[in-house]
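Undergrad: This is a predicted model, with the sequence first.
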Amino acid sequence: MKVSFTLNAKPVTVDVDPSTRLADLLREDLDLTGTHIGCDTSQCGACLVLLDGESVKSCTLLVASLEGRGVTSVEGLADPDGGLHPMQTAFRENHGLQCGFCTPGMVMASAALLAENPKPTEAEVRHYLEGNICRCTGYHNIVKAVMAASGQDAGGAVAAE
Ligand code: FES
Ligand code: FES
């Protein structure tokens, strides 16, 4: 079936099997491999993208449901000139990543959070990111990065190990 939607601010039309998942379309057909697949069962958040501005897990989202919608993957978050998005800069400056596997999903979720709540408390950040699993960082510096991106201080960073 043919499906037309907007991907990273550009119109796209794809011809896919109705059972195709967005995560697979992005990675395997469109070479947008910044979206990672961890659990494949909607639990880890590595595959998170924005759908009309809301965070969604693309491993369980069928492309067939995207007609007329707007998708942003992590590749679409940065400036068109290649400059990092402020959330990406905050993750880098606050040691918010180690292996980086969870990072695209964390960054997308965090960007979605600040879009709806520009000055979250630390507790709100932790609550919002409960659907994103990180096996490396212990979360402290991720939360610190999100707080920094919101213009707030969340205490000292813990250096990457
Ligand atoms: Fe989609 Fe884990 S791969 S939530
Ligand atoms: Fe390795 Fe989060 S930085 S899983």
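TA: Received, thanks. Numbers count the residues shown, from 1 in each chain. Ligands and ions are numbered 1, 2, ... in the order given.
Undergrad: could you check the distance from Met106 over to ligand 1?
TA: Met106 is 12 Å from ligand 1, where distance means CB to the nearest ligand atom, to the nearest Å. Backbone N, C-alpha and C define where each C-beta goes, glycine included.
Undergrad: List the buried residues of the helix or strand hosting that residue.
TA: Using DSSP states H and E, the element containing Met106 is helix 103-116. Neighbour-count burial for helix 103-116 flags 103-114 (criterion: 16 or more other CB atoms under 10 Å).
Undergrad: so which of those residues comes closest to ligand 2?
TA: The shortest gap between ligand 2 and any of the buried residues of helix 103-116 belongs to Thr103, at 5.9 Å (CB to the nearest ligand atom).
Undergrad: circling back: quick check, nearest of the buried residues of helix 103-116 to Gly68?
TA: Distance to Gly68, by CB to CB, is smallest for Ala112 among those, at 20.2 Å.
Undergrad: What separation do you get for Ser58 and His36?
TA: Distance check for Ser58 against His36: by CB to CB, to the nearest Å, it reads 10 Å.
Undergrad: Give me the common contacts of the two.
TA: Residues touching both Ser58 and His36 (CB atoms under 8 Å, 6 or more residues apart in numbering): Cys47.
Undergrad: Same drill for the two, tell me which one is more crowded.
TA: Neighbours were counted for Ser58 and for His36 using other CB atoms under 10 Å; Ser58 has more, 28 against 21.
Undergrad: Check Arg69 and give its pLDDT.
TA: Among the per-residue scores, Arg69 shows a pLDDT of 98.
Undergrad: Same check on Gly82?
TA: Note on Gly82: pLDDT of 81.
Undergrad: quick one: the residue nearest the centre of the chain from Leu77, how far?
TA: Nearest to the mean C-alpha position of the chain, by CA atoms, centre = their mean, lies Met108 at 2.5 Å. With distances taken as CB to CB, Met108 is found 7 Å from Leu77.
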